[in-house]
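Asker: Below: sequence and its predicted model.
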Amino acid sequence: IYDASMSKATSPQDVQSTYAEWRESWYAAQGVTCQDCHMAPDPAAQIMALREGRVAKPARYSHAFVGANYLMFETGLGETLTFLRGGTVPGLTADEADAAIEAQRKATHDLLRAAAGLELRKAKAQGDALRLEIAVRNLGAGHNLPTGVSDQKHMWLEVELLDAEGRPVFRSGAFDAGAGVTDPDAVMWIEQFLDESGAVIPNHLTFATARVEWVRRAIPARGEEVVGYDIALPAGAKGPFRLKARLWYRVALQDLVYQNLRLETPVPPFALADLDLTLPEDILP
């Protein structure tokens, strides 16, 4: 909680509430703790068991403590990864270090992909437009999705609609991998730090923050949010239409990396969930 002792806030500002999110969830009611997932020998398998209502605790625990920072194992970053990790682990050979990173990378990816899901809830023609409703579901996180430092850790929805010839009819939420920039009109779950004038602070400056506001509220444990799109169809558009959707997660904004770490490297996102299906041929009258 930010207050006047550490920020420009004149009233307490709720910033990070992961513990409270868990405390009020189904998981806490079932006696499932943070350690039960993050310190399980196979976190993804433990989460999938919980998704099915099986609340038995792991027979043993692992101090690997698998979390959500996939960037710490993004080997495609090259030397930048070594910098982000603070160097190499003493006492390990290069091969041993590579094997440890790869094992943690797989466990992190599996954990993240067990957390969320996408489901098409509605596809209906309305005049010369198409109404789509997609449910973004928090299936396996024992807290909100996203959680933590949510002015940096955020997720967004990318949606693309193609006609019968594979031509794009609509797209929202595209990511420019070269510049590290997301479509500004994307449906995004993120909170913003605002200074005293109401301007957005993009690089997590606690002491300059006067107010914290959600652009879109994070999705609670075992909850969901249904996102609607009204897509104007071009004249003569013919189905069947193909819908492609992806829920992206990113651990930091590009401004934070540029301004605080002096790195030019674009921050790659991670795909939490995918949806790829063909809409019924009779979707249009």
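Answerer: Yep, it's here.
Asker: mind checking the backbone torsions on the nearest residue to residue 220 once chain neighbours are set aside?
Answerer: Distance criterion Cβ to Cβ, 6 or more residues apart in numbering; nearest residue to residue 220, sequence neighbours excluded, is residue 144 at 5.5 Å. (Each C-beta comes from the backbone N, C-alpha and C, glycine too.) Here is the backbone geometry of residue 144 (degrees, to the nearest 10): phi -60, psi 160.
Asker: Test my guess that residue 144 contacts residue 214.
Answerer: No: with contact defined as Cβ atoms under 8 Å, residue 144 and residue 214 do not form a contacting pair (10.6 Å).
Asker: okay, the two: which has more neighbours?
Answerer: Between residue 144 and residue 214, residue 144 has the larger neighbour count (other Cβ atoms under 10 Å), namely 22 against 13.
Asker: give me every residue that touches that one.
Answerer: Residue 144 makes contact with 17, 18, 21, 138, 218, 219, 220, 221, according to Cβ atoms under 8 Å, 6 or more residues apart in numbering.
Asker: Look up how far residue 202 lies from it.
Answerer: Residue 144 sits 21 Å away from residue 202, going by Cβ to Cβ, to the nearest Å.
Asker: Check residue 224 too.
Answerer: With Cβ to Cβ as the criterion, residue 224 and residue 202 are 29 Å apart.
Asker: Likewise for residue 27?
Answerer: Separation of residue 27 from residue 202 (Cβ to Cβ): 32 Å.
Asker: What of residue 165?
Answerer: Plainly put, residue 165 is 40 Å away from residue 202 if you go by Cβ to Cβ.
Asker: Please say which of the two ends up with more neighbours.
Answerer: Comparing residue 165 with residue 202 by other Cβ under 10 Å, the one with more neighbours is residue 202, at 16 against 7.
Asker: Contacts only, for that one.
Answerer: Residue 202 makes contacts with 253, 255, 256, 259, as judged by Cβ under 8 Å, 6+ apart.
Asker: Highest neighbour count among those?
Answerer: residue 253 (21 neighbours).
Asker: For it, give me its contacts.
Answerer: Per Cβ under 8 Å, 6+ apart, neighbours of residue 253: 151, 152, 154, 202, 203, 267.
Asker: Which members of those occur in helices, if any?
Answerer: The members of these all map outside helices under DSSP state H.
Asker: List only buried entries from these.
Answerer: If you count burial by 16 or more other Cβ atoms under 10 Å, the buried members of the contacts of residue 253 come out as 151, 152, 154, 202, 203, 267.
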